[in-house]
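# Sequence and predicted structure below; questions after.
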Amino acid sequence: QKEVEQNSGPLSVPEGAIASLNCTYSDRGSQSFFWYRQYSGKSPELIMSIYSNGDKEDGRFTAQLNKASQYVSLLIRDSQPSDSATYLCAVSFKTIFGAGTRLFVKA
Amino acid sequence: GAVVSQHPSRVICKSGTSVKIECRSLDFQATTMFWYRQFPKQSLMLMATSNEGSKATYEQGVEKDKFLINHASLTLSTLTVTSAHPEDSSFYICSARSGGRRDEQFFGPGTRLTVL
């Protein structure tokens, strides 16, 4: 089993819809979880960090963490075409990355 | 967010030469810096973890004699690709961990290396 798993997509959503991105991890002892956005040819940009169970909201983004299920997700509300990118889930500060989910938001 | 710079942003070199890439945290002191490599359409692969004043910790399969890492200060780490070959062509990205109360990791803009 890979340490961090994501559905590679592509995930296609219409503009204005909610995009839901999911990630599972194998190390039950992990304490730090991050979502990054990466545009083609660019380096990752931190969107959200989450450390405790529950939801964390920042603008149109909500990160959800469930340590019992070893599951972390990212919701993007009111998706915009500019949100089209690859979203990377990362676990721990050694930062093991998932393969990323490509999101397309159709105008 | 915090700012991490990399230099150069792009380099083209001949096979057999060495290339040095600098990574700087501009507005914070980084407890740890990381070096990643990303091939086209693939995810980031951690190469090594670097702490100021100590030897870098390399991931399995990464040749420490080929990828030399020097972490001279809390704001500067360098990666030298020695005797580069075409298969080393990739996107190299560093990141820096801020530590402290809001402990997060910030990425540099990346260096695209092309070895001819």
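Nice, I can see it.

# Could you use CA atoms for every contact and neighbour count after this?
Will do.

# what residue ranges in chain A score low on pLDDT?
Filtered on pLDDT under 70, chain A yields the residue ranges A:1-2, A:93-95.

# Show me the strands in it, by range?
Taking DSSP state E to define them, one finds strands in chain A at A:4-6, A:11-14, A:19-25, A:33-38, A:45-50, A:54-58, A:61-66, A:71-76, A:85-91, A:96-97, A:101-106.

# ranking these by burial, who's on top?
Highest mean neighbour count among the strands of chain A (mean count of other C-alpha atoms under 10 Å in any protein chain shown): strand A:85-91, with a mean of 26.

# Next, the angle from it to strand A:101-106.
In terms of direction (axes from the mean of the first three to the mean of the last three C-alpha atoms, to 10 degrees), strand A:85-91 departs from strand A:101-106 by 150 degrees.

# and the gap between the residue lying closest to A:Glu3 once chain neighbours are set aside and chain B?
Leaving out its chain neighbours, the residue that sits closest to A:Glu3 by C-alpha to C-alpha, 6 or more residues apart in numbering or on different chains is A:Ser26, at 5.0 Å. According to C-alpha to the nearest C-alpha, to the nearest Å, A:Ser26 stands 17 Å off from chain B.

# residues near A:Ser26, how many?
Residues lying near A:Ser26 (other C-alpha atoms under 10 Å in any protein chain shown) number 15.

# For B:Thr31, list the residues it contacts.
Neighbour list for B:Thr31: B:Asn51, B:Glu52, B:Leu74, B:Ala96, B:Arg97, B:Ser98, B:Gly99 [criterion: C-alpha atoms under 8 Å, 6 or more residues apart in numbering or on different chains].

# doesn't B:Leu74 make contact with the fifth one?
Read that as B:Arg97. No. Using C-alpha atoms under 8 Å, B:Arg97 is not in contact with B:Leu74; the gap is 10.4 Å.

# ranges for the strands of chain B?
So, for chain B - with DSSP E - the strands run B:4-7, B:10-13, B:19-25, B:32-38, B:45-51, B:57-58, B:67-73, B:76-81, B:90-97, B:105-107, B:111-115.

# about what we covered before: filtering the contacts of B:Thr31 by proximity to chain A, which remain?
Among the contacts of B:Thr31, proximity to chain A is found for B:Arg97 (C-alpha under 8 Å from any C-alpha of the partner chain).

# Please list only the buried members of the contacts of B:Thr31.
With burial judged by 16 or more other C-alpha atoms under 10 Å in any protein chain shown, the buried subset of these is B:Asn51, B:Glu52, B:Leu74, B:Ala96, B:Arg97, B:Ser98.

# Arrange those in CSV, one row each, with pLDDT as further columns.
Shown next, in CSV, are these (pLDDT from 0 to 100):
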residue, pLDDT
B:Asn51, 86
B:Glu52, 81
B:Leu74, 87
B:Ala96, 90
B:Arg97, 85
B:Ser98, 78
